[in-house]
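S.K.: Below is the sequence, then the predicted model.
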Amino acid sequence: MGALNGRISPLALSVVGEVEDWKKALGEITRHRFQPLDPKSGRQQSYGWVLLSDPFDNEFSLTNIFYGEHLVGLTLRVDAITVPASQVKLHLARRVRQELRQSGKESLPKAEISRLKEDLLTDLMARSLPSIKLHEMVFNTRKNRVWFFGKAKGLVMTFAELFHETFGLTVVPDSPFTAARDVLTPEGAEKLLELGEAGFVNPEA
C-alpha cells in the first residue's frame, strides 16, 4: 500500500476527459465495488473498489472518497484463490482410484475424470483463504492525473478497464505530449500533435 505509507512508487497516468457528475460517478463506484469470492461459483479471482482507508469497507460516499477538494482516493482490491497444480494432481489421482474401486471399472472416461476434477477444485477452493492484494489510486480531478500503485502489465490493464467502466474516462501513460498538454492551451496542444518526429530532434546534435 503505497499511497498511505509511501513504500511503493506510483505509476503516473493522464486522464482523458472530466467527470461531469460526481453523484452519478459515485453510483458507478458502488456498482463496481469489490465483492467477496464465492467458492461455489468456481471463480478464482474477484476485484473491485474499496475505500482507501479500509480494504474491508465498500460503502462509498462523496465524503469518504474525496480527500480535499480535488483528490479522490480509492483502492483496487484483488482477491485470488490459487490451488497448486501438484495438490490437484495428487488428490485427483486418489479420487479416481476410489471411483474405480467403487464402480469396479478398469478405467474412467475423460468426461468423468473432468467432473471429478471440477468437484475437487470446488472442495479445495472452499477450504482455502484467498490472497488479498491492494493497489491504491489517487485521482487529481483538477489536473486530470492519476497515480496508481501497481505496475504489472496485466494489473495496469485491469485497472484501466475498471477506471473506464467506472468513470467513463480513459487513462494513458504519461509522455512528453501529456506533460506539455498540461501547460498549453487546447489550441497549442492541437498544434503540438501536428508536429512530426523531426520537430523534437535537435538538428545540431
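M.R.: Looks like it came in fine.
S.K.: Please count neighbours and contacts with C-alpha atoms only from this point.
M.R.: Fine.
S.K.: Got the domain ranges for this structure?
M.R.: Annotated domains of the chain cover 6-80+131-196, 85-126 [automatic domain parsing].
S.K.: so where's this protein shaky on pLDDT?
M.R.: Residues of the chain meeting the criterion pLDDT under 70: 1-8, 39-40, 42, 175-205.
S.K.: same thing but at 50, please
M.R.: In the predicted model of the chain, residues 189, 192-193, 195, 197-201, 205 satisfy pLDDT under 50.
S.K.: By residue count, which helix of it is the longest?
M.R.: helix 85-103 (DSSP state H).
S.K.: Quick one: name whatever helix or strand follows that one.
M.R.: Next along the chain after helix 85-103, taking DSSP states H and E as the criterion, comes helix 110-126.
S.K.: Next, the angle helix 85-103 makes with that following helix.
M.R.: 130 degrees (axes from the mean of the first three to the mean of the last three C-alpha atoms, to 10 degrees).
S.K.: what's helix 110-126 packed up against?
M.R.: helix 85-103 (3 or more C-alpha pairs under 8 Å, 6 or more residues apart in numbering; DSSP states H and E).
S.K.: I'd like to know which elements the longest helix of the chain is packed against.
M.R.: Packing partners of helix 85-103 (3+ C-alpha pairs under 8 Å, 6+ apart): helix 110-126.
S.K.: Please identify the buried residues of the helix it packs on?
M.R.: Residues 113, 116-117, 120-122, 124-126 are the ones in helix 110-126 that count as buried (16 or more other C-alpha atoms under 10 Å).
S.K.: Which one of those is nearest to Met137?
M.R.: Nearest to Met137 among the buried residues of helix 110-126, counting by C-alpha to C-alpha, is Met125 at 29.5 Å.
S.K.: deepest of the domains of the chain, which one?
M.R.: domain 6-80+131-196 (a mean of 16; mean count of other C-alpha atoms under 10 Å).
S.K.: Tell me the gap between that domain and the middle of its chain.
M.R.: 9 Å (C-alpha atoms, centre = their mean, to the nearest Å).
S.K.: which stretches of the protein form strands?
M.R.: Taking DSSP state E to define them, one finds strands in the chain at 11-16, 45-51, 71-80, 131-140, 145-148, 170-173.
S.K.: so which of those comes closest to Thr30?
M.R.: Counting by C-alpha to C-alpha, and looking across all of the strands of the chain, nearest comes strand 45-51 at 7.8 Å.
S.K.: List of residues touching that closest one?
M.R.: Contacts with strand 45-51, where a contact means C-alpha atoms under 8 Å, 6 or more residues apart in numbering, come from 29-30, 32-37, 56-60, 64-65, 73-81, 162.
S.K.: Can you tell me how far Phe56 is from Pro36?
M.R.: Computed as C-alpha to C-alpha, to the nearest Å, the Phe56 to Pro36 distance reads 10 Å.
S.K.: again, but for Arg77
M.R.: Computed as C-alpha to C-alpha, the Arg77 to Pro36 distance reads 10 Å.
S.K.: before we move on, what about Trp22?
M.R.: Distance from Trp22 to Pro36, by C-alpha to C-alpha: 26 Å.
S.K.: what does Ser61 give?
M.R.: The value you get for Ser61 to Pro36, if C-alpha to C-alpha is used, is 20 Å.
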